[in-house]
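>>> Below are the sequence and a predicted model; questions follow.
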Amino acid sequence: MLDLAEEPKSLTRSQIEDLRLPASKMNGVERRGFQPEMTLKYCQGRASLAQTVFGWARENIELGLREKRTGIICVGLQSAFSTAKLCQEKQAVVALSLGQIAESDSQQDPTFKTSLAYTRLTATSSS
């Protein structure tokens with residue numbers, strides 16, 4: 001529950017909502033860069049106060065504050081150790097062949113206002 005005694009004096013409820021919205025649209029490193037900045041600016045650098053005011057996870061704010069202080073960006077284990085390759089990397093020949101097929105059937109944007117090319121490809125039915 002938000003304690004009005006702890007709420008930053010410089011922010012209205014509307015402004016708090018305005019700061020919650022962009023944070024909800026961000027993820028990972030981007031959010032951990034934004035939340036600590038707002039915590040330093042409006043909550044005297046106190047992660048617990050930012051958690052109360054903005055509803056953000058205190059652990060993420062603290063991690064973001066450490067990243068800001070040290071300049072070292074933390075990478076999650078999944079992205080750091082993921083060895084999954086893109087399908088274009090696994091099947092390079094197939095990806096190249098599909099690209100050539102699509103390119104041969106592409107046509108210029110009929111309005112000539114952009115340099116985009118459109119491709120009409122349909123699968124044949126084998127019924």
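Thanks, I have it.
>>> Which residue lies closest in space to residue 37, excluding its sequence neighbours?
residue 68 (7.7 Å; C-beta to C-beta, 6 or more residues apart in numbering). Where you see a C-beta, it was placed from the backbone N, CA and C, and this is true even at glycine.
>>> Now do the contacts for that neighbour.
33, 36, 37 (C-beta atoms under 8 Å, 6 or more residues apart in numbering).
>>> between those, which is closest to residue 62?
residue 36 (8.6 Å; C-beta to C-beta).
>>> How far does the helix or strand the closest one falls within sit from its chain's centre?
Using DSSP states H and E, residue 36 sits in helix 28-42. Helix 28-42 sits 14 Å away from the centroid of its parent chain (C-alpha atoms, centre = their mean, to the nearest Å).
>>> Just the CA trace of that helix, in PDB.
Written as PDB, here are the backbone C-alpha positions of helix 28-42 (Å, rounded to 0.1, in the frame of the first residue of the first chain):
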ATOM      1  CA  GLY A  28      15.700  -6.400 -19.600                       C
ATOM      2  CA  VAL A  29      18.600  -4.000 -19.800                       C
ATOM      3  CA  GLU A  30      16.500  -1.100 -21.100                       C
ATOM      4  CA  ARG A  31      14.100  -1.200 -18.100                       C
ATOM      5  CA  ARG A  32      17.100  -1.700 -15.700                       C
ATOM      6  CA  GLY A  33      18.500   1.500 -17.100                       C
ATOM      7  CA  PHE A  34      15.300   3.500 -16.800                       C
ATOM      8  CA  GLN A  35      14.100   2.400 -13.400                       C
ATOM      9  CA  PRO A  36      17.300   3.400 -11.500                       C
ATOM     10  CA  GLU A  37      17.400   6.800 -13.200                       C
ATOM     11  CA  MET A  38      13.800   7.500 -12.000                       C
ATOM     12  CA  THR A  39      14.700   6.100  -8.500                       C
ATOM     13  CA  LEU A  40      17.700   8.400  -8.300                       C
ATOM     14  CA  LYS A  41      15.700  11.400  -9.500                       C
ATOM     15  CA  TYR A  42      12.500  11.000  -7.500                       C
END
